[in-house]
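# Below is the sequence, then the predicted model.
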Amino acid sequence: MKTESFETICEDGIPLKGILLIPDQPKAVIQFNGGTGTKKEFYLSFLTYLAENDFLCCLWDYRGSGDSFSGNLKTCEFKFSDYGVRDMPAIKDFLNERFPELPFIIVGHSAGGQQIGFMKNLDHVKGMINFAVSAGYYMNMPLSYRMKAYFYFYLFAPISILMTGYVKAKTFGLMENLPKNVVYEWRSWLEKKNYFFDAKFYGKTVPVGHFRNYTFPIHLYWTIDDTISSQKNTESYWEHIDSKEEITFTKLVPSELGLKKIDHFGFFKKNMKDRLWENVVGQLNAFLLNH
């Protein structure tokens, strides 16, 4: 297996950077979309495992974050929905051009799965795997986490934007730094039970997209102890999703796996290799066998 850095350009001229994990004999290519403000290297152990099982993996940063940060966050006008409308399609175009002979699969965590339906180029996709993909309505979160979310979105973020012009979260260990409009649009979605499917946004400030007419099988992994993607938030999101192919779900219970917690990020920790990752590889292989 070899690792290779790359850069590609979105339709609006914004550069995106990432890395490719290339097995000696790849059987499919995976576009992996990470969570908001999450350092992409956090997912590296998981994707290395997939690459060791002969899946060519693409790990990349959204505009304005990580290695894809260029210019000045203070003057940046990027929106949260740009991730799905502009960035994800650019990565798929790059991968299709680079590896046209390989079957294509999309894997997304959190926002990286939420926004896949905004992509305009979802042709020739063999399947999609999502982790912790849900709405993010505050009232469906546990009270303790809801307080943290309120602090971040209504106190920390506005003060940070007032002082710096962007959300300077990295210094405080909260998440990566983010452009102000990314956080403001994200916050507006979180205020609604149906997230961006709410009538205030859907088909107005965001495209209708392909959420109700996916053409490939979809599998979701979710855990009962997720403070963000709670059962209610998960159900709220998936009520709006439909596909011509099967949509299936795996509910994880930490105690059944011998764990104290999984929460929103635990899917990708090394202790999940034997508990979960083998199952994920099985799902990926099934996409290739069935189509």
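Now that the structure is in, tell me what you want to look at.
# buried sites along the lengthiest helix in the chain?
Taking DSSP state H as the criterion, the chain has its longest helix at helix 278-290. Under the neighbour-count criterion of 16 or more other Cβ atoms under 10 Å, helix 278-290 has Val280, Val281, Gln283, Leu284, Phe287 buried. C-beta here means a position set from N, CA and C on the backbone, and glycine is covered the same way.
# Report the rounded mean pLDDT for that helix.
Mean per-residue pLDDT for helix 278-290: 96.
# and if you look at stretch 2-15?
Stretch 2-15 comes out at a mean pLDDT of 97.
# returning to that earlier point: closest one of the buried residues of helix 278-290 to Lys261?
Val280 (19.2 Å; Cβ to Cβ).
# can I assume the closest one is in contact with Gly127?
No. Counting by Cβ atoms under 8 Å, Val280 does not reach Gly127; the two are 11.6 Å apart.
# if we can go back for a sec, can you spell out which helices and strands pack onto the longest helix of the chain?
Under the contact criterion of 3 or more Cβ pairs under 8 Å, 6 or more residues apart in numbering; DSSP states H and E, helix 278-290 touches strand 28-33, helix 44-52, strand 125-131.
# any chance of those in JSON lines, plus mean neighbour count and mean pLDDT?
Formatted as JSON lines, the helices and strands packed on helix 278-290 follow (neighbours: other Cβ atoms under 10 Å; pLDDT from 0 to 100):
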{"stretch": "strand 28-33", "mean neighbour count": "24", "mean pLDDT": "98"}
{"stretch": "helix 44-52", "mean neighbour count": "19", "mean pLDDT": "98"}
{"stretch": "strand 125-131", "mean neighbour count": "25", "mean pLDDT": "98"}
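# Tell me, how many residues neighbour Arg275?
18 (other Cβ atoms under 10 Å).
# Double-check that it belongs to a strand.
No. Secondary structure of Arg275 (DSSP: H, G, I helix; E, B strand; the rest coil): helix, not part of a strand.
# what sits against it?
By Cβ atoms under 8 Å, 6 or more residues apart in numbering, the residues touching Arg275 are Leu257, Gly258, Leu259.
# Whichever of those residues end up buried, select them in PyMOL.
Restricted to buried positions by 16+ other Cβ under 10 Å, the PyMOL selection for the contacts of Arg275 reads:
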select buried, resi 259
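# Dump the contacts of Arg275 to TSV, plus distance to Tyr150 and secondary structure.
As requested, the contacts of Arg275 are exported to TSV (distance: Cβ to Cβ, whole Å; DSSP: H, G, I helix; E, B strand; the rest coil):
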residue	distance to Tyr150	secondary structure
Leu257	31	helix
Gly258	34	coil
Leu259	28	coil
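# Let's have the contacts of Arg275 in JSON lines, adding distance to Pro207 and pLDDT.
Shown next, in JSON lines, are these (distance: Cβ to Cβ, whole Å; pLDDT from 0 to 100):
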{"residue": "Leu257", "distance to Pro207": "38", "pLDDT": "97"}
{"residue": "Gly258", "distance to Pro207": "43", "pLDDT": "97"}
{"residue": "Leu259", "distance to Pro207": "38", "pLDDT": "97"}
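# Mind picking the one among the contacts of Arg275 that's closest to Phe151?
Nearest to Phe151 among those, with distances taken as Cβ to Cβ, is Leu259, at 27.4 Å.
# phi, psi of the most far-flung residue of the chain relative to its centre?
Farthest-out residue of the chain from its mean C-alpha position, per Cα atoms, centre = their mean: Met163, at 28.9 Å. Note on Met163: its backbone torsions stand at phi -90, psi -30 [degrees, to the nearest 10].
# so how far is Tyr43 from the residue positioned nearest the centre of the chain?
The geometric centre of the chain, computed from its C-alpha atoms, lies nearest to Gly112 (Cα atoms, centre = their mean), at 1.4 Å. Applying Cβ to Cβ, to the nearest Å, the value for Gly112 to Tyr43 is 10 Å.
# shared neighbours of the two, anything?
Joint contacts of Gly112 and Tyr43 (Cβ under 8 Å, 6+ apart) are Phe32, Gly34.
# And the residue farthest from the centre of the chain, what's its pLDDT?
pLDDT, Met163: 96.
# quick one, what contacts Lys192?
Counted by Cβ under 8 Å, 6+ apart, Lys192 has contacts Ala135, Tyr137, Asp198, Lys200, Phe201.
# Much appreciated, bye for now.
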